[in-house]
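Chemist: How does the following fold in three dimensions:
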Amino acid sequence: MTVRHAIVALGLLGALAGAPATAVAAQSNAATTEAYLQANYKFVRYFASHIPAAEKEISGVLVGARRECPHAAAESPQNVDSEQLSNEVIGTMVSTVIQRNLAAVKSFNRTVASLRWSNGALNRTIRHYVADGKVLSALAVPNLCADVKEWVASKFETLPASTVHFDALFIPSWVAPGDLPRALVSYETSTDRALAQKCAALESQITDFEAREVETWGSIMDEIGINP
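Modeler: This next block holds a predicted model:
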(Lines give C-alpha, C1' and ligand atoms only; values in the text may rest on other atoms or scores of the structure.)
Protein backbone atom coordinates (compact mmCIF):
# COMPACT_ATOMS: atom_id res chain seq x y z
CA MET A 1 0.00 0.00 0.00
CA THR A 2 1.39 3.39 -0.94
CA VAL A 3 1.49 6.30 1.47
CA ARG A 4 -1.27 7.97 -0.51
CA HIS A 5 -3.47 4.89 -0.27
CA ALA A 6 -2.80 4.64 3.45
CA ILE A 7 -3.87 8.25 3.99
CA VAL A 8 -7.07 7.69 2.02
CA ALA A 9 -7.80 4.53 3.98
CA LEU A 10 -7.30 6.29 7.29
CA GLY A 11 -9.59 9.07 6.13
CA LEU A 12 -12.32 6.58 5.26
CA LEU A 13 -11.95 4.85 8.61
CA GLY A 14 -12.24 8.19 10.38
CA ALA A 15 -15.38 9.06 8.44
CA LEU A 16 -16.93 5.70 9.22
CA ALA A 17 -16.08 6.07 12.89
CA GLY A 18 -17.57 9.55 13.00
CA ALA A 19 -20.77 8.61 11.21
CA PRO A 20 -22.39 6.71 14.13
CA ALA A 21 -21.49 9.52 16.55
CA THR A 22 -23.02 12.09 14.20
CA ALA A 23 -26.17 10.00 13.88
CA VAL A 24 -26.45 9.65 17.64
CA ALA A 25 -26.00 13.41 18.08
CA ALA A 26 -28.68 14.10 15.47
CA GLN A 27 -31.11 11.76 17.20
CA SER A 28 -30.35 13.32 20.56
CA ASN A 29 -30.84 16.85 19.22
CA ALA A 30 -34.15 15.85 17.65
CA ALA A 31 -35.41 14.23 20.85
CA THR A 32 -34.31 17.20 22.94
CA THR A 33 -35.98 19.63 20.55
CA GLU A 34 -39.23 17.69 20.72
CA ALA A 35 -39.08 17.66 24.53
CA TYR A 36 -38.44 21.39 24.63
CA LEU A 37 -41.26 22.23 22.23
CA GLN A 38 -43.67 20.05 24.18
CA ALA A 39 -42.73 21.81 27.42
CA ASN A 40 -42.90 25.25 25.80
CA TYR A 41 -46.29 24.50 24.25
CA LYS A 42 -47.69 23.35 27.60
CA PHE A 43 -46.30 26.50 29.23
CA VAL A 44 -47.61 29.07 26.75
CA ARG A 45 -50.94 27.26 26.37
CA TYR A 46 -51.39 27.54 30.13
CA PHE A 47 -50.62 31.26 30.20
CA ALA A 48 -52.69 32.02 27.12
CA SER A 49 -55.67 30.29 28.69
CA HIS A 50 -55.13 32.28 31.90
CA ILE A 51 -55.01 35.71 30.25
CA PRO A 52 -58.47 36.71 31.62
CA ALA A 53 -57.32 35.74 35.13
CA ALA A 54 -54.04 37.62 34.67
CA GLU A 55 -55.96 40.73 33.60
CA LYS A 56 -57.91 40.57 36.86
CA GLU A 57 -54.73 40.02 38.86
CA ILE A 58 -53.13 43.10 37.32
CA SER A 59 -56.32 45.11 37.80
CA GLY A 60 -55.91 44.24 41.47
CA VAL A 61 -52.63 46.17 41.51
CA LEU A 62 -54.50 49.27 40.29
CA VAL A 63 -57.24 48.75 42.87
CA GLY A 64 -54.61 48.46 45.58
CA ALA A 65 -52.97 51.72 44.49
CA ARG A 66 -56.33 53.50 44.56
CA ARG A 67 -57.00 52.19 48.03
CA GLU A 68 -53.58 52.54 49.66
CA CYS A 69 -51.70 55.38 47.99
CA PRO A 70 -53.89 57.53 45.73
CA HIS A 71 -51.91 60.53 44.42
CA ALA A 72 -49.24 59.82 47.04
CA ALA A 73 -46.46 61.02 44.73
CA ALA A 74 -48.35 63.99 43.27
CA GLU A 75 -46.01 66.70 41.97
CA SER A 76 -43.03 64.33 42.23
CA PRO A 77 -40.07 64.97 39.94
CA GLN A 78 -39.44 63.16 36.67
CA ASN A 79 -35.93 61.78 37.05
CA VAL A 80 -33.92 58.58 37.46
CA ASP A 81 -35.73 57.77 40.71
CA SER A 82 -39.17 58.09 39.12
CA GLU A 83 -37.97 55.82 36.32
CA GLN A 84 -36.96 53.19 38.86
CA LEU A 85 -40.35 53.42 40.54
CA SER A 86 -41.94 53.05 37.12
CA ASN A 87 -39.92 49.85 36.73
CA GLU A 88 -41.20 48.73 40.12
CA VAL A 89 -44.77 49.30 38.95
CA ILE A 90 -44.10 47.05 35.96
CA GLY A 91 -42.39 44.52 38.21
CA THR A 92 -45.34 44.54 40.59
CA MET A 93 -47.69 43.76 37.71
CA VAL A 94 -45.47 40.97 36.38
CA SER A 95 -44.58 39.41 39.72
CA THR A 96 -48.21 39.45 40.81
CA VAL A 97 -49.10 37.27 37.82
CA ILE A 98 -46.09 35.01 38.27
CA GLN A 99 -46.73 34.40 41.96
CA ARG A 100 -50.37 33.49 41.23
CA ASN A 101 -49.17 30.98 38.61
CA LEU A 102 -45.96 29.82 40.24
CA ALA A 103 -46.54 26.08 39.80
CA ALA A 104 -46.63 26.39 36.00
CA VAL A 105 -43.46 28.51 35.94
CA LYS A 106 -41.51 26.14 38.18
CA SER A 107 -42.69 23.07 36.27
CA PHE A 108 -41.46 24.53 32.98
CA ASN A 109 -38.12 25.55 34.49
CA ARG A 110 -37.54 22.07 35.95
CA THR A 111 -38.34 20.33 32.67
CA VAL A 112 -36.24 22.57 30.44
CA ALA A 113 -33.24 23.01 32.75
CA SER A 114 -32.04 19.45 32.13
CA LEU A 115 -32.23 19.57 28.31
CA ARG A 116 -28.99 19.60 26.32
CA TRP A 117 -28.19 19.91 22.61
CA SER A 118 -24.86 19.41 20.83
CA ASN A 119 -25.14 23.12 19.95
CA GLY A 120 -23.36 25.04 22.70
CA ALA A 121 -24.85 28.39 21.74
CA LEU A 122 -28.37 26.98 21.92
CA ASN A 123 -27.63 25.46 25.31
CA ARG A 124 -26.48 28.84 26.59
CA THR A 125 -29.59 30.54 25.22
CA ILE A 126 -31.91 28.10 26.97
CA ARG A 127 -29.90 28.18 30.21
CA HIS A 128 -30.08 31.98 30.23
CA TYR A 129 -33.83 31.90 29.63
CA VAL A 130 -34.36 29.38 32.44
CA ALA A 131 -32.12 31.39 34.78
CA ASP A 132 -34.21 34.50 34.12
CA GLY A 133 -37.37 32.55 34.83
CA LYS A 134 -35.95 31.29 38.13
CA VAL A 135 -35.07 34.82 39.21
CA LEU A 136 -38.55 36.07 38.36
CA SER A 137 -40.24 33.20 40.15
CA ALA A 138 -38.20 33.89 43.30
CA LEU A 139 -39.14 37.58 43.46
CA ALA A 140 -41.72 38.54 46.04
CA VAL A 141 -44.35 41.05 44.95
CA PRO A 142 -43.09 44.51 46.03
CA ASN A 143 -44.94 46.65 48.53
CA LEU A 144 -45.35 49.37 45.94
CA CYS A 145 -47.34 51.88 47.99
CA ALA A 146 -45.01 51.57 50.98
CA ASP A 147 -42.02 52.23 48.72
CA VAL A 148 -43.68 55.25 47.13
CA LYS A 149 -44.58 56.70 50.54
CA GLU A 150 -40.99 56.23 51.74
CA TRP A 151 -39.73 58.08 48.67
CA VAL A 152 -42.19 60.90 49.32
CA ALA A 153 -41.16 61.05 52.99
CA SER A 154 -37.56 61.64 51.88
CA LYS A 155 -38.83 64.63 49.89
CA PHE A 156 -38.06 62.69 46.72
CA GLU A 157 -34.37 62.58 47.53
CA THR A 158 -33.81 58.90 48.35
CA LEU A 159 -35.32 55.76 46.87
CA PRO A 160 -36.12 52.92 49.26
CA ALA A 161 -33.46 50.20 49.27
CA SER A 162 -36.23 47.71 48.51
CA THR A 163 -36.97 49.48 45.20
CA VAL A 164 -33.33 49.54 44.17
CA HIS A 165 -32.88 45.87 45.08
CA PHE A 166 -36.03 44.74 43.31
CA ASP A 167 -35.27 46.62 40.09
CA ALA A 168 -31.70 45.30 40.02
CA LEU A 169 -33.09 41.75 39.92
CA PHE A 170 -36.25 42.26 37.90
CA ILE A 171 -35.17 44.39 34.94
CA PRO A 172 -32.28 42.17 33.68
CA SER A 173 -34.42 39.04 34.09
CA TRP A 174 -37.75 40.27 32.70
CA VAL A 175 -38.84 37.75 30.06
CA ALA A 176 -42.23 36.73 28.74
CA PRO A 177 -43.60 33.18 28.89
CA GLY A 178 -42.39 31.13 25.94
CA ASP A 179 -39.20 31.20 23.89
CA LEU A 180 -38.44 29.76 20.46
CA PRO A 181 -34.74 30.22 19.67
CA ARG A 182 -34.05 30.25 15.92
CA ALA A 183 -31.46 27.49 16.33
CA LEU A 184 -34.24 25.01 17.12
CA VAL A 185 -35.35 25.05 13.47
CA SER A 186 -32.31 22.99 12.47
CA TYR A 187 -33.46 20.09 14.62
CA GLU A 188 -37.22 20.20 14.06
CA THR A 189 -39.15 17.45 12.32
CA SER A 190 -42.30 18.28 10.37
CA THR A 191 -44.32 17.43 13.49
CA ASP A 192 -42.09 19.68 15.56
CA ARG A 193 -42.56 22.55 13.10
CA ALA A 194 -46.32 22.27 13.42
CA LEU A 195 -45.98 22.37 17.21
CA ALA A 196 -43.61 25.35 17.01
CA GLN A 197 -46.21 27.21 14.95
CA LYS A 198 -48.81 26.53 17.63
CA CYS A 199 -46.37 27.85 20.23
CA ALA A 200 -45.75 30.99 18.18
CA ALA A 201 -49.49 31.64 17.84
CA LEU A 202 -49.98 31.35 21.61
CA GLU A 203 -46.95 33.52 22.31
CA SER A 204 -48.47 36.13 20.02
CA GLN A 205 -51.62 36.13 22.17
CA ILE A 206 -49.47 36.68 25.26
CA THR A 207 -47.60 39.53 23.53
CA ASP A 208 -50.92 41.18 22.66
CA PHE A 209 -52.04 40.84 26.27
CA GLU A 210 -48.83 42.49 27.49
CA ALA A 211 -49.32 45.33 25.01
CA ARG A 212 -52.85 45.93 26.31
CA GLU A 213 -51.58 46.08 29.88
CA VAL A 214 -49.49 49.14 29.03
CA GLU A 215 -52.72 51.06 29.54
CA THR A 216 -53.11 49.58 33.03
CA TRP A 217 -49.51 50.53 33.81
CA GLY A 218 -50.34 54.10 32.79
CA SER A 219 -53.43 54.10 35.02
CA ILE A 220 -51.38 52.93 38.02
CA MET A 221 -48.74 55.59 37.37
CA ASP A 222 -51.43 58.27 37.12
CA GLU A 223 -53.19 57.03 40.22
CA ILE A 224 -50.05 57.22 42.33
CA GLY A 225 -48.71 60.33 40.64
CA ILE A 226 -45.40 58.98 39.36
CA ASN A 227 -43.89 60.63 36.29
CA PRO A 228 -42.00 57.99 34.24
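
Chemist: low-scoring pLDDT stretches of the chain, where are they?
Modeler: For the chain, applying pLDDT under 70 flags the ranges 1-26.

Chemist: all helices of it, in order?
Modeler: 3-49, 51-68, 80-100, 102-113, 120-138, 144-153, 161-173, 190-224 (DSSP state H).

Chemist: and the angle for the third one with helix 102-113?
Modeler: Helix 80-100 and helix 102-113 meet at an angle of 90 degrees, taking axes from the mean of the first three to the mean of the last three C-alpha atoms, to 10 degrees as the criterion.

Chemist: Can you list the neighbours in contact with helix 80-100?
Modeler: Outside of helix 80-100, the residues within contact range by C-beta atoms under 8 Å, 6 or more residues apart in numbering are 53-54, 57-58, 60-61, 73, 76, 105, 136-137, 139-142, 144, 147-148, 151, 156, 159, 163-164, 166-167, 170-171, 174, 213, 216-217, 220-221, 224, 226-228. The C-beta positions use only the backbone N, C-alpha and C, and glycine is treated the same way.

Chemist: what's the closest of the helices of the chain to R182?
Modeler: With C-beta to C-beta as the measure, helix 120-138 is the member of the helices of the chain nearest R182 (9.2 Å).

Chemist: returning to that earlier point: TSV for the helices of the chain, including mean neighbour count?
Modeler: Putting the helices of the chain into TSV (neighbours: other C-beta atoms under 10 Å) gives the following:
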stretch	mean neighbour count
helix 3-49	14
helix 51-68	16
helix 80-100	20
helix 102-113	16
helix 120-138	16
helix 144-153	19
helix 161-173	16
helix 190-224	15
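
Chemist: which stretch among those comes nearest L180?
Modeler: Of all the helices of the chain, helix 190-224 comes closest under C-beta to C-beta, at 5.9 Å.

Chemist: so what secondary structure elements neighbour that closest one?
Modeler: helix 3-49, helix 51-68, helix 80-100, helix 144-153 (3 or more C-beta pairs under 8 Å, 6 or more residues apart in numbering; DSSP states H and E).

Chemist: Show the contacting residues for the spatially most central residue of the chain.
Modeler: Taking C-alpha atoms, centre = their mean as the criterion, V175 is the residue nearest the geometric centre of the chain, at 2.5 Å. By C-beta under 8 Å, 6+ apart, the contact set of V175 is Y129, D132, G133, L136.

Chemist: and with 10 Å instead?
Modeler: V94, H128, Y129, V130, A131, D132, G133, V135, L136 (C-beta atoms under 10 Å, 6 or more residues apart in numbering).
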